[in-house]
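Visitor: Predicted model and sequence follow; I will ask about them next.
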Amino acid sequence: MIEVSLQHRFAGGDGGRMQEAGFAIDLAFRSPTPGVTAIFGPSGCGKSTTLAAVAGLLRPQAGRIVLDGEVLFDSAARRMVPPERRRCGVVFQDAQLFPHLSVRSNLRYGLRRAPRGAEGPALEEVVALLGIEPLLDRRPARLSGGERQRVALGRALLSRPRLLLMDEPLSALDAARKAEVLPFLARVRDRFRIPILYVTHAMDEVDALADRLVVLEAGRVLAEGTVEALAARPDLPALAGRRDAGAVIRCTLAEQLPGRGLTRLDFAGGALLVPAVPGAVGEALRIRVPARDVSVAVARPEGLSVQNILAARLEQLTPLPSGEVMLALAVGPTSVLSRVTADAAARLALREGMPLWALVKAVALSHRSDEEAAAG
Ligand SMILES: Nc1ncnc2c1ncn2[C@@H]1O[C@H](COP(=O)(O)OP(=O)(O)OP(=O)(O)O)[C@@H](O)[C@H]1O
């Protein structure tokens, strides 16, 4: 378990005359270990400050930080474990490799920082896992952004951390590079089982990697919980107001239908047919069903090209700032979100509790817990 509670106020920007109050953070959350907790929120909400406090790079004015029973910081007990003794591996947005050292030497630097006797993967294992063997003799300047991040991750792992802290490690990469690095992060998560605090404002990274979410706003915790539970809440503007808002659902790959080019995914309360997903029957998957790709009907529609028509009940109807309405639909025990126009909601006389049909037009595959799948 990681327990973080911190209160801190930065000095104001007026040269210390205290006319303008500085940013204040006052938050607490707990995350099980191992596992990936994404710290999510708009720019300036305190994400990096939180990581800095956990890493020991910032001494909060008050609070307590405990990792698997070991107190790293406790203002009441005046305890502050110095950063080098906390065993946190940190990966930033820019890889921060030593430019004058080869990749191999950068990795060895990580190993040298590992405490004597600490257990962890060998250099060869990390190199193989991250696919960086061909890069070992290169200098960082001759690496792509994605390659640099893989090396930075390798260096962090080799310091044998008990906790990985990642501060927007993919945000400087374009979509293609990001897609290249994400599976490696998933492999590290699955292979080494090191707890990870992962700062991001990219939902696809949350979907691909995280078990839990801590949503911050202006230095406070707005919500925390599993990715599935929070993604299904229509009342969190930080999540439901986004273009990519949607329910996150755990599924099992239930059947391959090669003749139709489809795969059947089963979830609690129903099943979805999706374009063929490679993988073995029984494999666990996680999908995002974007709210914008779900429409509703008051009677079961016939003769549609849409494959997936699910019997649902309208649980909650939440107006969005955009003028649209977010519908929380229960499909058995599973929540699905649908975003419709206010006009459609009025036309269909939608009200909470009524039965509806949910038409699911698209599904995004986001998370594969299986290591081989993550690699491929
Ligand atoms: N050393 C400092 N002195 C004064 N103010 C600071 C200091 N460090 C951070 N802040 C302020 O604290 C607030 C939170 O910063 P932080 O970097 O934690 O945000 P963030 O959520 O990580 O943002 P981003 O997504 O843009 O990286 C900001 O308003 C920032 O200006």
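Guide: Alright, I've got the coordinates. Numbers count the residues shown, from 1 in each chain.

Visitor: And stretch 70-84, what's buried?
Guide: For stretch 70-84, the neighbour count (16 or more other C-beta atoms under 10 Å) marks 72, 73, 74, 75, 80, 81, 83 as buried. For the C-beta atoms, the positions are set from N, CA and C on the backbone; glycine is no exception.

Visitor: Quick check: residues of the stretch 1-150 of the chain near the ligand?
Guide: Proximity of the stretch 1-150 of the chain to the ligand (C-beta under 6 Å from any ligand atom) is limited to residues 10, 22, 23, 41, 43, 44, 45, 46, 47, 48, 49.

Visitor: try it again with 5 Å
Guide: By C-beta under 5 Å from any ligand atom, the residues of the stretch 1-150 of the chain that approach the ligand are 10, 23, 43, 44, 45, 46, 47, 48, 49.

Visitor: sorry, back to before: just the buried residues of stretch 70-84 now: which is nearest the ligand?
Guide: Nearest to the ligand, judged by C-beta to the nearest ligand atom, of the buried residues of stretch 70-84 is residue 83 at 15.8 Å.

Visitor: which residues does that closest one contact?
Guide: 55, 56, 57 (C-beta atoms under 8 Å, 6 or more residues apart in numbering).

Visitor: any idea how far the ligand is from the first one?
Guide: Meaning residue 55. Distance, residue 55 to the ligand, by C-beta to the nearest ligand atom, to the nearest Å: 12 Å.

Visitor: got it, and residue 338?
Guide: Note on residue 338: its distance to the ligand, by C-beta to the nearest ligand atom, is 30 Å.

Visitor: Which helix or which strand is home to that residue?
Guide: Assigned by DSSP states H and E, residue 338 belongs to strand 334-341.

Visitor: Neighbours of residue 343, how many?
Guide: Per other C-beta atoms under 10 Å, the neighbour tally for residue 343 reads 11.

Visitor: re earlier: what about the strand holding residue 338, average pLDDT?
Guide: Model confidence over strand 334-341, given as mean pLDDT, is 96.

Visitor: Contacts for whichever helix or strand comes after it next, please.
Guide: Moving toward the C-terminus from strand 334-341, the next helix or strand (DSSP H and E) is helix 342-347. Residues outside helix 342-347 that contact it (C-beta under 8 Å, 6+ apart): 317, 319, 323, 324, 325, 327.

Visitor: Repeat the analysis, applying 7 Å as the threshold.
Guide: Contact with helix 342-347 is made by 317, 323, 324, 325, as judged by C-beta atoms under 7 Å, 6 or more residues apart in numbering.

Visitor: ok, now which ones touch residue 71?
Guide: Contact analysis of residue 71 by C-beta under 7 Å, 6+ apart lists residue 79.

Visitor: Tell me which stretches of the stretch 51-200 of the chain form strands.
Guide: Using DSSP state E, counting those that start in this stretch, the strands of the stretch 51-200 of the chain run over 62-67, 70-74, 79-80, 88-91, 163-167, 196-200.

Visitor: For residue 251, give the beta-bridge partners.
Guide: Counting by DSSP bridges, residue 251 forms beta bridges with residue 285.

Visitor: For it, give its distance to residue 365.
Guide: 9 Å (C-beta to C-beta, to the nearest Å).

Visitor: Residue 321 - how many residues pack around it?
Guide: By the other C-beta under 10 Å criterion, the neighbourhood of residue 321 contains 8 residues.

Visitor: I'd say it and residue 241 touch.
Guide: Yes - if you go by C-beta atoms under 7 Å, residue 321 and residue 241 touch, sitting 6.2 Å apart.

Visitor: you'd agree residue 205 is up against residue 168?
Guide: No - checked against C-beta under 7 Å, the pair residue 205 and residue 168 is beyond contact range at 8.9 Å.

Visitor: Show me which of these two is the more surrounded one.
Guide: Using other C-beta under 10 Å, the more surrounded residue of residue 205 and residue 168 is residue 205, with 25 against 19.
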